[in-house]
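**Q** Provided below for reference: sequence and predicted model.
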Amino acid sequence: MAESTREPILEVRNLVKHFPLTQGIVFQRQVGAVRAVDDISFELYPGETLGIVGESGCGKSTVAKLLMSLERPTSGEIFYKGEDISRLSGRALKAVRRNIQMVFQDPYTSLNPRMTVGDIIGEPFEIHPEVAPKGDREAKVRELLDVVGLNPEYINRYPHQFSGGQRQRIGIARGLALNPEIIICDEPVSALDVSVQAQVINLMEKLQDEFGLSYLFIAHDLSIVRHISDRVGVMYLGKMVEIGSDSAIYDHPTHPYTQALLSAVPLPDPDAREGRERIILTGDVPSPANPPSGCRFRTRCWKAQDRCSEELPVLAVPQRFADADTAVAHESACHFAEEKPHVAHA
Amino acid sequence: MPEPSRPDTPFEAQGAAVAEAVSSTPDPGKARSLSSDAWHDLRRNPIFVISALLILFLVVISIWPSLIATRDPLYCQLGRSLDGPAPGHWFGFDTQGCDVYTRTVYGARASIAVGVCATLGVALVGAVVGGLAGFFGGFWDALLSRTTDVFFAIPLVLGAIVFLSMIKLTGIWPVVLVIAALGWPQIARITRGAVITAKQNDYVQAARALGAGNSRLLLRHILPNAVAPVIVMATIMLGTFIALEATLSFLGVGLRPPTVSWGVDISAASDGMQFRNAPHILLYPAAALSLCVLAFIMMGDAVRDALDPKLR
């Protein structure tokens, strides 16, 4: 990949989102904050898929909402083609929304049950009338239904007349309607059956090739993320702990958390299972309202030393691998980053 | 990898309900809105048909009572006081010697007018206050919800008695205004709750992500999905407001003679001695009142079922 030579289409710099915890009913005062997203930076390049993985509550969905401007960041910037979109409002924000769209997790709640499929997919054109003149809209909606593999004759049906996979196709068609460059997928298949997941993922890959889309693919299913992603970022407790190409993350993880995550992926081959070491983490994820000092992962890490509680590890290529020209040399936020044999899944 | 699902065989797993819905739309290109779907369901619901016919009948006679009652409700012959049923006077005569049948028919107008107007007023105030509080949240929610609490703390009957005994106007409007001014907190609370529930749905976020403004979010996405409990509550309240009008008239602060209403007649008939000697003068207006209240409550229930796409 020649990422370094290309301009990123989306660039996130030091993004922070704290949700205030307040006390009192009449006179509210802030007693703390849930650090849902705490200083995250990454880039998304045109035409690529960046997977974001992490366990529940690590801030993945908040990142998606921040990128969609559904939430306002506490600090930090989001650059779309060099323009900071995190503080936009009104007309300027509406214009940016044409280029960044979202596919939601649950196809049962993401479609308005009182609107027909035609109204749901046609709504983007009503909000942005400049995209399609009034007379063309129905034809456009039918075309979109065809693109996502649904019968265009279903235009007047209601969402409750469709199965989960079909509903997710409707959600994807709505996301495609404005012809965006970036689609943010917040766990788009986790509510679907495994066989249907494959169909939807294949559809998304086909659409990416067809329309040159960039995906930010948020999920907690590691094998699906590996299947679809060019690069992968791993989040833990509001921080990005490791980011790199999919082979770097899956075959050469250097952060202990990533190693623990990967060692938990079930292997279908019993022989391969023999030679693998399973890392079993103890304890729970600390509360994001009161995260540990220094490295967020130190409370559950088998490598933790005094330095980990005092010094926050930065997300960067570790010094010792800086000159290496292999996949090991990717950004990892650990003082003691190193490969661990026998954890990567086959 | 499995083939993507073929679009022409999608419905097998979804059971008979969907199959029926599909077979009843032979031409998939024909638009069927939610309201036409609901109407399609309602026509087959016997409870709805019965209550709707009853309400239609009550509305028609409240507009043109002379269609079925040819006499004057205020023409009374004291000599026939408390007489039982007679030819041409099927329901007998009341204390003043007026025809009970004619007065029961004419009484529908005042009762239904009070019920409908008060419900419209209550629904309007309650939906606006509750909708804004639920949608905007924060400061507006606190302000509007506490105001709602203040009004909620005033007992409806007691408050109405206090206000109506101060106002010396006659006719239905003082009663309507007092009910509308005191009855809205319940609707406001239900609307607020329904709006907050609807607001959190992903499709609202999706519309916001598309760039939809507040008015589109409220009118197109939130209100249509929040309106069902409000309709049910409003229809049930319509019944209770008709009963409340009767209560207030019974207590002597609501409608007053010579206005003809069920409440006025029930009030006049509820002397114990009279009831023992001539039960018909209480029975007919009270039965008409009960039937009317029941019809609205049943219709509210049937409409709620038809408007909920998840129940279909």
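**A** Here it is on my side, so go on.

**Q** Can you point out the buried residues in stretch A:218-238?
**A** Neighbour counts over stretch A:218-238 (16 or more other Cβ atoms under 10 Å in any protein chain shown) mark A:218-222, A:224-238 as buried. Yep, even glycine has a C-beta here, placed from its N, CA and C like the rest.

**Q** How about it and chain B, any contact?
**A** No. Under the criterion of Cβ under 8 Å from any Cβ of the partner chain, stretch A:218-238 makes no contact with chain B; the nearest approach is 10.4 Å.

**Q** so where does residue B:181 fall, helix or strand?
**A** Using DSSP states H and E, residue B:181 sits in helix B:173-199.

**Q** Check the model's average confidence along whichever helix or strand comes after that helix for me.
**A** Sequence order places helix B:202-210 as the next helix or strand after helix B:173-199, per DSSP H and E. This predicted structure assigns helix B:202-210 an average pLDDT of 91.

**Q** Same check on stretch A:105-116?
**A** On average, stretch A:105-116 scores 88.

**Q** ok, which stretches of the stretch 1-150 of chain A are strands?
**A** Taking DSSP state E, counting those that start in this stretch as the criterion, the stretch 1-150 of chain A contains strands spanning A:10-23, A:29-44, A:49-53, A:75-80, A:83-84, A:100-103.

**Q** Output those in JSON lines; the columns should cover distance to residue A:321.
**A** As requested, the strands of the stretch 1-150 of chain A are exported to JSON lines (distance: least, Cβ to Cβ, whole Å):
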{"stretch": "strand A:10-23", "distance to residue A:321": "24"}
{"stretch": "strand A:29-44", "distance to residue A:321": "19"}
{"stretch": "strand A:49-53", "distance to residue A:321": "21"}
{"stretch": "strand A:75-80", "distance to residue A:321": "27"}
{"stretch": "strand A:83-84", "distance to residue A:321": "32"}
{"stretch": "strand A:100-103", "distance to residue A:321": "34"}
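
**Q** which one is residue A:132 nearest to, not counting chain neighbours?
**A** Closest residue to residue A:132 apart from its sequence neighbours, by Cβ to Cβ, 6 or more residues apart in numbering or on different chains: residue A:125 at 4.5 Å.

**Q** what's around residue A:96, how many residues?
**A** If you count neighbours by other Cβ atoms under 10 Å in any protein chain shown, residue A:96 ends up with 18.

**Q** what's the answer for the one 3 residues further on, then?
**A** With neighbours defined by other Cβ under 10 Å, the count for residue A:99 comes to 16.

**Q** Tell me who's in contact with it.
**A** Residue A:99 makes contact with A:80, A:178, A:180-182 under the criterion Cβ atoms under 8 Å, 6 or more residues apart in numbering or on different chains.

**Q** rerun that using 10 Å as the cut-off
**A** A:9-10, A:80-81, A:85, A:178-182 (Cβ atoms under 10 Å, 6 or more residues apart in numbering or on different chains).

**Q** just residue A:186 next, same as before
**A** Shown in contact with residue A:186 (Cβ under 10 Å, 6+ apart): A:52, A:60-61, A:63-65, A:67-68, A:102-106, A:110, A:216-219, B:202, B:205.

**Q** Which strands or helices does the helix or strand where residue A:249 lies pack on?
**A** Secondary structure from DSSP H and E places residue A:249 in helix A:246-251. The contact analysis (3 or more Cβ pairs under 10 Å, 6 or more residues apart in numbering or on different chains; DSSP states H and E) places helix A:246-251 against strand A:49-53, helix A:222-228, strand A:231-236, strand A:239-245, helix A:256-263, strand A:331-332.

**Q** and it, what's its mean pLDDT?
**A** The average of the pLDDT scores along helix A:246-251 is 88.

**Q** Quick check: buried residues in that helix?
**A** For helix A:246-251, the neighbour count (16+ other Cβ under 10 Å) marks A:246, A:248-251 as buried.

**Q** Could you give the number of residues near whatever residue of the stretch 201-346 of chain A ends up closest to chain B?
**A** Relative to chain B, the nearest point of the stretch 201-346 of chain A is residue A:202 (5.9 Å; Cβ to the nearest Cβ). By other Cβ under 10 Å, 17 other residues sit near residue A:202.

**Q** Touching, it and residue A:228? I think so.
**A** Yes. Counting by Cβ atoms under 10 Å, residue A:202 touches residue A:228, with 9.5 Å between them.

**Q** Could you look up the SS state of the residue nearest the centre of chain A?
**A** The centroid of chain A falls nearest to residue A:218 when counting by Cα atoms, centre = their mean (2.7 Å). Assigned with DSSP: H, G, I helix; E, B strand; the rest coil, residue A:218 falls in the strand class.

**Q** does it have beta-bridge partners, and which?
**A** For residue A:218, the beta-bridge partners under DSSP bridges are residue A:52, residue A:186.

**Q** can you tell me which residues contact it?
**A** A:50-54, A:60-61, A:63-64, A:67, A:105, A:184-188, A:190, A:225, A:233, A:235.

**Q** The helix holding residue B:181 vs helix B:202-210, what angle?
**A** 80 degrees (axes from the mean of the first three to the mean of the last three Cα atoms, to 10 degrees).

**Q** quick one, what contacts residue A:285?
**A** Residue A:285 touches A:54-58, A:236-237, A:291, A:296-297, A:299-300, counting by Cβ under 10 Å, 6+ apart.

**Q** Narrow those residues to those that are buried.
**A** Taking 16+ other Cβ under 10 Å as the criterion, what is buried in these is A:54, A:58, A:236-237, A:291, A:296-297, A:299-300.

**Q** so the closest residue to residue A:57 other than its chain neighbours, which of the three states?
**A** Leaving aside its sequence neighbours, residue A:57 sits nearest to residue A:285 (Cβ to Cβ, 6+ apart; 6.6 Å). Classification of residue A:285 using three-state DSSP returns coil.

**Q** What about residue A:285? Give its phi and psi, please.
**A** According to degrees, to the nearest 10, the main-chain angles of residue A:285 amount to phi -70, psi 130.

**Q** How far away from the center of its chain is stretch A:125-140?
**A** Offset of stretch A:125-140 from its chain centre (Cα atoms, centre = their mean, to the nearest Å): 30 Å.

**Q** Just the CA atoms of it, as PDB, please.
**A** The C-alpha coordinates for stretch A:125-140 follow below in PDB (Å, rounded to 0.1, in the frame of the first residue of the first chain):
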ATOM      1  CA  PHE A 125     -33.200  13.400  -2.000                       C
ATOM      2  CA  GLU A 126     -35.900  15.300  -0.200                       C
ATOM      3  CA  ILE A 127     -33.300  16.700   2.300                       C
ATOM      4  CA  HIS A 128     -30.800  17.400  -0.500                       C
ATOM      5  CA  PRO A 129     -33.100  18.300  -3.500                       C
ATOM      6  CA  GLU A 130     -30.100  19.300  -5.600                       C
ATOM      7  CA  VAL A 131     -28.900  15.700  -5.900                       C
ATOM      8  CA  ALA A 132     -32.000  14.500  -7.900                       C
ATOM      9  CA  PRO A 133     -34.700  16.500  -9.500                       C
ATOM     10  CA  LYS A 134     -38.200  15.600  -8.300                       C
ATOM     11  CA  GLY A 135     -39.200  13.600 -11.400                       C
ATOM     12  CA  ASP A 136     -36.100  11.400 -11.200                       C
ATOM     13  CA  ARG A 137     -36.400  10.400  -7.600                       C
ATOM     14  CA  GLU A 138     -38.500   7.300  -8.000                       C
ATOM     15  CA  ALA A 139     -36.300   6.000 -10.800                       C
ATOM     16  CA  LYS A 140     -33.200   6.700  -8.600                       C
END
